[in-house]
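S.K.: what would the 3D arrangement of this be:
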Amino acid sequence: MGRKLRRRPVPSLIIAALAGQVVIAAGVLAVLAVLNGPGLSRPAAPRPAVSAPTIAQGPGEAVPAYYAALARVPATGLHAAGITIRATMSGKVLAAVQPPAPYTTFSVVAATSTASTWIVAASRQSGRYQALPAASGVLGAGPTQLYLLAYSPVTGTTRIAALPVPAMPALAIWGAALSPDGSRLAVAVVPSERVHQIRVYALGRAAAAGGLPSGGALQGTWTAATRMPSLFAFGDQPLGPQALSWAADDRTLAFNWQGPGLQDPGLSLGGLRLLDTGGTGGQLLAGSRLAVRVPFPGFTCLGALVMTSNGQAVFCNGVKNGGPPDGYRVSAIAQFSAATGKQVRQLAPVQDKHAAIPPYACLQWASPDGSVIVAGRWQSDGRTSHLAAISAIGPGYTRPIPPAPDAGQVAW
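M.R.: Numbering: from 1, shown residues only. The predicted model follows:
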């Protein structure tokens, strides 16, 4: 990340796939570990109550028992995508959800800190919006409304409620995240190519434990008005599922920034920035600090940087610099310290010297304490294979997960 998003010699399909956490297919594995050795402090920060169990596989955080999957859609034309709720360990479809009227397709599904609760976006489709697809790969997303989707494992039913964010063009929404206690919603908005905002809403009813909001109000707006156009300042594509992430204090918000700097409009301040949302708004860049700068020596992040809710670890998809001539043959998921900004380790390395477009490691989920991640391998044919839960701080063991070939973007 640096002066411009499109500066890297990487096909836009790869960036879109990494940012959107692309498609799940066959060959799925799970790896969880007895966690030991140096790394993040433990125990993890307190978590809100959850409405579904997690899969107990060892003394660290476990992968939630259910995930939401946005249907895979063709790379051309306008195709509507529904959402299915699936059991992580069996792949069984537990519920199917269609977008509420008047919207025709879902265009994003993003995780929250509450198991079985997700942020989703529902959109109307139009051919005029195909120039810049959503991160999920859904084409033609026009007017879009954000919702909170909850699944009850007891009744096997789903509920959906609109979040207190005005409907707006999909290309104006670059990310959304719910605070760990479910009381606040942050949305990254780009109303114009020179104006970038993070808006924080107070929800009328806490969304923790599967509760749905009953209205809400805008609490604060932080704005960066840049002198240079920078449509991609918040990330690779609109409706990114990992553009924003909250710390457990429900006040510190991490956001990806790839736009112009504070003084020199051409200065790169690419990386993950931390914003204190305790006030009522102000200057986005002056009011935040850089936690992890990218590109980092020896590694280039290609996807969003994601901070764990305990505020200690940051993960991103990317490539190891050096090696083969193009420098993009070895992909991995890098872990950084949020305190020092330095790289701690690289996980899930992927290399294929024989592929014209090599596979890439892609981050799907990270536990609140950073001890476990879910990673996959994006293939050039548009599928994600070898999905696995991996110990971030120690050795692990494998556990198979059945494939979900019809699933696209997923969120736990």
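
S.K.: can I assume Ala334 sits in a helix?
M.R.: No: assessed by DSSP: H, G, I helix; E, B strand; the rest coil, Ala334 does not belong to a helix; its assignment is strand.

S.K.: which residues does it bridge with?
M.R.: Listed by DSSP bridges, the beta-bridge partners for Ala334 are Cys316, Gln346.

S.K.: which residues of the stretch 101-250 of the chain fall in strands?
M.R.: Using DSSP state E, counting those that start in this stretch, the strands of the stretch 101-250 of the chain run over residues 105-111, 117-125, 141-152, 157-162, 168-169, 173-178, 184-192, 195-203, 216-225, 244-246.

S.K.: could you give me the buried positions within stretch 96-106?
M.R.: Applying a neighbour-count criterion of 16 or more other CB atoms under 10 Å, one finds 97, 99, 103-106 buried in stretch 96-106. C-beta here means a position set from N, CA and C on the backbone, and glycine is covered the same way.

S.K.: if you could redo that for stretch 81-96, that was the one I meant.
M.R.: Those would be 81, 83-89, 91, 94-95, for stretch 81-96 by 16+ other CB under 10 Å.

S.K.: where does the stretch 251-400 of the chain dip in pLDDT?
M.R.: Low-confidence segments of the stretch 251-400 of the chain, defined by pLDDT under 70: 260-269, 322-329, 352-359, 378-388, 393-400.

S.K.: which ones are touching Pro133?
M.R.: 16, 139-141, 237 (CB atoms under 8 Å, 6 or more residues apart in numbering).

S.K.: can you pick the most crowded of the residues you listed?
M.R.: When neighbours are counted by other CB atoms under 10 Å, Ala141 leads those with 32 neighbours.

S.K.: wait, it sits on Thr105?
M.R.: Yes: the pair Ala141 / Thr105 is scored as a contact, 7.2 Å apart, by CB atoms under 8 Å.

S.K.: mutual contacts of the two, please.
M.R.: In contact with both Ala141 and Thr105: 123, 125, using CB under 8 Å, 6+ apart.

S.K.: got TSV for the contacts of Pro133, with distance to Ala404 and pLDDT too?
M.R.: Shown next, in TSV, are these (distance: CB to CB, whole Å; pLDDT from 0 to 100):
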residue	distance to Ala404	pLDDT
Ala16	20	36
Leu139	22	84
Gly140	24	84
Ala141	23	88
Gln237	23	80
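
S.K.: ok, those vs Ile390, which is closest?
M.R.: Ala16 (23.7 Å; CB to CB).

S.K.: ok, which pair from the contacts of Pro133 is furthest apart?
M.R.: Across these (CB to CB), the longest gap, 14.8 Å, separates Ala16 and Gly140.

S.K.: now do the buried residues in stretch 213-230.
M.R.: Within stretch 213-230, judged by 16+ other CB under 10 Å, the buried ones are 213, 216, 218-220, 222-224, 226, 230.

S.K.: from the residues you listed, which one has the minimum pLDDT?
M.R.: Least confident of these in the model: Ser230, at 67.

S.K.: next, give me the two most distant ones among the buried residues of stretch 81-96.
M.R.: Farthest pair in the buried residues of stretch 81-96, by CB to CB: Ala81 and Met89, 24.1 Å.

S.K.: my read: Asn310 touches Ala366, true?
M.R.: No: if you go by CB under 8 Å, Asn310 and Ala366 don't touch, sitting 10.4 Å apart.

S.K.: picking that back up, distance to Thr300 added to the strands of the stretch 101-250 of the chain, as a markdown table?
M.R.: Converted to a markdown table, the strands of the stretch 101-250 of the chain look like this (distance: least, CB to CB, whole Å):
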| stretch | distance to Thr300 |
| --- | --- |
| strand 105-111 | 24 |
| strand 117-125 | 28 |
| strand 141-152 | 28 |
| strand 157-162 | 38 |
| strand 168-169 | 30 |
| strand 173-178 | 21 |
| strand 184-192 | 22 |
| strand 195-203 | 23 |
| strand 216-225 | 24 |
| strand 244-246 | 20 |
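
S.K.: just so I know, which of those lies nearest Ala375?
M.R.: Nearest of the strands of the stretch 101-250 of the chain (CB to CB): strand 105-111, 14.5 Å.

S.K.: can you give me the angle the closest one makes with strand 141-152?
M.R.: 50 degrees (axes from the mean of the first three to the mean of the last three CA atoms, to 10 degrees).

S.K.: could you name the helices and strands sitting against strand 105-111?
M.R.: strand 66-71, strand 117-125, strand 141-152, strand 173-178, strand 407-411 (3 or more CB pairs under 8 Å, 6 or more residues apart in numbering; DSSP states H and E).

S.K.: the helices in the stretch 301-412 of the chain, which residues?
M.R.: Counting by DSSP state H, counting those that start in this stretch, the stretch 301-412 of the chain forms no helices at all.

S.K.: which residues in it form strands?
M.R.: Going by DSSP E, counting those that start in this stretch, the stretch 301-412 of the chain shows strands at 306-307, 313-320, 330-337, 343-351, 360-366, 372-378, 384-391, 397-400, 407-411.

S.K.: between the buried residues of stretch 81-96, which sits nearest Ala291?
M.R.: The closest of the buried residues of stretch 81-96, once distances to Ala291 are taken by CB to CB, is Thr88, at 30.3 Å.

S.K.: what about Leu185, how many neighbours?
M.R.: 28.

S.K.: show me what it is bridged to.
M.R.: With DSSP bridges as the rule, Leu185 is bridged to Leu178, Tyr201.

S.K.: show the pLDDT at it.
M.R.: So, for Leu185, pLDDT stands at 95.

S.K.: pull the number of nearby residues for the closest residue to Pro99 other than its chain neighbours.
M.R.: Closest residue to Pro99 in three dimensions, ignoring its sequence neighbours and counting by CB to CB, 6 or more residues apart in numbering: Ala122, at 4.0 Å. Neighbours of Ala122 under the rule other CB under 10 Å: 27.

S.K.: and the gap between Ala75 and Lys342?
M.R.: Ala75 sits 38 Å away from Lys342, going by CB to CB, to the nearest Å.

S.K.: for Val350, that is, sorry about that
M.R.: 23 Å.

S.K.: same thing with Gly215?
M.R.: For Gly215, the distance to Lys342 - CB to CB - is 43 Å.

S.K.: what does Gly91 give?
M.R.: Counting by CB to CB - Gly91 and Lys342 are separated by 38 Å.

S.K.: perfect, that will be all.
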